[in-house]
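Engineer: using only what follows, build the 3D model:
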Amino acid sequence: MEYITRSVEKYLDNVEKTFKAVLVTGARQTGKSTMLKKMFPDKKYITFDDPFVEQQAKNSTDMFLMLNQPPVIMDEVQRVPELFRYIKMICDEHNERGLFCLSGSQPFRLMKNVSESLSGRVCIAELSTLSMREMCGDAFDMPFLPTMNYILERQKTVQKPDNIWNIIHRGGYPEMQNPDMDWQSFYASYVKTYLERDVRELSAVQDLDAFRRFMIAVAARTGQMVNYSNIAEEVGKDVGTIKSWMSILEASGIIYLLEPYTHAVLKRAIKTPKVYFRDTGLAAYLTRWLTPETLAFGAMAGAIFETFVISEILKSYSNKGIDYRYCVSYYRGKDKKKANKNGVEQESEIDFIIEENGILYPIEIKKNTSENASATSAFQILDTIPDKKRGMGAVISLCPQPGMLRDNILEIPVWYI
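Structural biologist: The predicted structure is shown next:
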């Protein structure tokens with residue numbers, strides 16, 4: 001299969017010239033080692049997936065590094081935590097840049113070692129599954145923002161997919177871009193490998209059947225607020241275990257927890273995060289939506305579509321090396337009065353909020369081909385927040401082309417992300 005150029009390569013190429021060490025993290029099989037070998041073919045490549053190499057590095061770390069001097073690529077480096085102290089020493093002794101290119105698919109242990117040993121010496125980049133831009137070979141690299149300037153730039157290269165639900169259902173793992181790769185076989189193998197290697201090795205989870213049920217339960221709730229008690233009851237475990245397992249899924253790149261927007265003026269806002277699977281193909285597999293057609297017209301179509309949109313937006317930021325965790329959120333609460341026909345006060349919701357330079361950009365996500373401006377009524381809540389300004393809002397949907405719902409609300413096709 002032909003190599004697919006990754007959007008994050010431009011960022012990595014720059015930081016490799018300015019930092020002594022670069023660390024690429026991300027879920028299993030997102031293409032980290034393939035990308036690093038393609039980008040830096042002159043650097044020696046070492047993988048600690050090889051038990052013999054791993055044992056050598058653990059038993060005699062100083063000798064191992066003498067025989068494998070930088071510049072070097074080290075894959076699955078979290079398997080040999082003993083290395084980090086020595087890597088720190090080498091970085092401190094040399095003035096050259098780009099000494100070490102490190103990668104690992106188990107960042108929940110890896111990041112602890114990095115923070116303790118390589119703080120200030122390493123640049124960390126996240127490699128997600130393939131974005132829609134990457135699948136289409138589109139080099140456009142602006143982070144998504146619902147503004148007219150973004151739309152005008154985006155439309156220069158944007159490509160409308162033949163069937164967006166094929167992309168959503170198949171998922172973004174590089175192996176899945178091979179049309180001969182069987183969808184069920186790939187994800188069955190992926191889940192098995194993830195459970196038996198990442199989960200068992202790093203979290204001391206012994207009951208893998210229960211963890212598999214837990215993954216399915218979380219996948220069925222993608223796009224929803226996290227309810228630990230509800231999941232615990234379904235899986236048959238206590239709430240503490242479920243919280244611990246949720247942390248494993250998040251840290252290993254399987255899910256993302258979107259935090260609510262908080263401000264003192266929003267006194268009636270819900271403080272619970274929402275959970276999103278990082279890859280819609282994996283979510284569809286776990287919840288047994290076996291074809292794009294059944295997914296598109298099924299009960300989870302709206303939740304999966306929202307999951308896809310948010311995942312694509314996050315990729316547009318991480319591929320530029322931007323830490324999106326501090327600039328994205330959602331809102332749900334009763335700060336804006338809204339009553340149903342029976343006079344019962346209802347909650348308002350803003351699916352997604354992007355903050356940039358003190359401006360809040362609210363986004364609503366709908367799988368319809370057209371939408372009414374009334375769907376954005378909750379956006380007005382952001383006007384009550386002092387020291388912040390509400391920017392252009394948007395509804396992201398399956399509409400055929402960009403348009404205006406009203407003066408400050410855009411309607412944007414999902415392929416414009």
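
Engineer: any stretches of the stretch 1-150 of the chain with poor pLDDT?
Structural biologist: 106-116 (pLDDT under 70).

Engineer: ugh, wrong one, I meant the stretch 151-300 of the chain
Structural biologist: 201-204.

Engineer: quick one, helices of it?
Structural biologist: Applying DSSP state H, counting those that start in this stretch to the stretch 151-300 of the chain gives helices spanning 164-170, 183-193, 200-203, 208-219, 228-235, 239-251, 280-286, 292-296.

Engineer: pull the number of nearby residues for residue 329.
Structural biologist: 19 (other CB atoms under 10 Å). Every residue, glycine included, has its C-beta placed from N, CA and C.

Engineer: now do it, the pLDDT please.
Structural biologist: We have a pLDDT of 96 for residue 329.

Engineer: how much space between residue 173 and residue 384?
Structural biologist: 42 Å (CB to CB, to the nearest Å).

Engineer: and the helices of the stretch 151-300 of the chain as TSV, adding mean neighbour count and distance to residue 146?
Structural biologist: Output for these, formatted as TSV (neighbours: other CB atoms under 10 Å; distance: least, CB to CB, whole Å):
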stretch	mean neighbour count	distance to residue 146
helix 164-170	21	19
helix 183-193	15	32
helix 200-203	16	38
helix 208-219	19	28
helix 228-235	16	32
helix 239-251	17	26
helix 280-286	26	21
helix 292-296	18	25
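
Engineer: thinking again about what came up before, neighbour count for residue 173 and residue 384, which is higher?
Structural biologist: Shown here are residue 173 and residue 384; by other CB under 10 Å, residue 173 has more neighbours (21 against 13).

Engineer: could you chop this protein up by domain?
Structural biologist: With domains defined by automatic domain parsing, the chain comprises 9-126, 135-416.

Engineer: nearest to residue 2, of those?
Structural biologist: Proximity to residue 2, assessed across the domains of the chain by CB to CB, is greatest for domain 135-416 (9.0 Å).

Engineer: may I ask which helix or strand encompasses residue 73?
Structural biologist: Per DSSP states H and E: residue 73 is located in strand 72-75.

Engineer: who touches that strand?
Structural biologist: For strand 72-75, contacts defined as CB atoms under 8 Å, 6 or more residues apart in numbering pick out 32-33, 36-37, 40, 43-49, 83, 99-104.

Engineer: swap in 7 Å and give it another go.
Structural biologist: 33, 36-37, 40, 43-49, 100-103 (CB atoms under 7 Å, 6 or more residues apart in numbering).

Engineer: is there a quick ChimeraX command that grabs whichever of the residues you listed are buried?
Structural biologist: Of the contacts of strand 72-75, the buried ones can be selected in ChimeraX as follows, counting by 16 or more other CB atoms under 10 Å:
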select :33,36,40,43,46,48,100,101,102,103
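
Engineer: which of the contacts of strand 72-75 fall in strands?
Structural biologist: 44, 45, 46, 47, 100, 101, 102, 103 (DSSP state E).

Engineer: what is the nearest of those residues to residue 396?
Structural biologist: Using CB to CB, these come closest to residue 396 at residue 103, 32.0 Å.

Engineer: wait, what's in contact with the closest one?
Structural biologist: 24, 32, 33, 36, 75, 77.

Engineer: list just the nearest of those to residue 407.
Structural biologist: residue 24 (42.7 Å).

Engineer: how about the nearest residue to that closest one, chain neighbours excluded?
Structural biologist: Distances taken as CB to CB, 6 or more residues apart in numbering place residue 103 nearest to residue 24, at 4.4 Å, with adjacent residues excluded.

Engineer: against residue 372, how distant is the closest residue in space to residue 47 that isn't next to it in sequence?
Structural biologist: Distances taken as CB to CB, 6+ apart put residue 75 closest to residue 47, at 4.1 Å, once the chain neighbours are dropped. Between residue 75 and residue 372 the distance is 50 Å, computed by CB to CB.

Engineer: neighbour count for those two, which is higher?
Structural biologist: Using other CB under 10 Å as the criterion, residue 75 and residue 372 rank with residue 75 on top: 23 against 11.

Engineer: contacts for the longest helix along the chain, please.
Structural biologist: The single longest helix within the chain, with elements called by DSSP state H, is helix 301-318. The contact list for helix 301-318, computed with CB under 7 Å, 6+ apart, reads 126, 128, 131-132, 143-144, 168, 222-223, 256, 276-278, 280, 283-284, 295, 324, 351-352, 365, 367, 396, 414, 417.

Engineer: could you redo the last one with a cut-off of 6 Å?
Structural biologist: Helix 301-318 has contacts (CB atoms under 6 Å, 6 or more residues apart in numbering) with 126, 128, 131-132, 143-144, 168, 222-223, 276-278, 280, 324, 365, 367, 396, 414, 417.

Engineer: count the residues that sit near residue 150.
Structural biologist: For residue 150, using other CB under 10 Å, the count is 20.

Engineer: hang on, it in a helix?
Structural biologist: Yes. Assignment of residue 150 by DSSP: H, G, I helix; E, B strand; the rest coil places it within a helix.

Engineer: can you tell me the closest non-neighbouring residue to it?
Structural biologist: residue 142 is the one closest to residue 150 (CB to CB, 6+ apart), at 6.2 Å.

Engineer: tell me how far the one you found lies from residue 23.
Structural biologist: Residue 142 sits 25 Å away from residue 23, going by CB to CB.

Engineer: report the central residue of the protein.
Structural biologist: The centroid of the chain falls nearest to residue 278 when counting by CA atoms, centre = their mean (4.8 Å).

Engineer: what sits against it?
Structural biologist: Neighbours of residue 278 in contact, by CB under 6 Å, 6+ apart: 253, 256, 311.

Engineer: switch these over to a markdown table; also include distance to residue 301.
Structural biologist: Putting the contacts of residue 278 into a markdown table (distance: CB to CB, whole Å) gives the following:
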| residue | distance to residue 301 |
| --- | --- |
| 253 | 24 |
| 256 | 20 |
| 311 | 16 |
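
Engineer: got the residues you listed as TSV, with neighbour count and distance to residue 64 columns?
Structural biologist: Output for those, formatted as TSV (neighbours: other CB atoms under 10 Å; distance: CB to CB, whole Å):
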residue	neighbour count	distance to residue 64
253	23	28
256	22	36
311	24	38
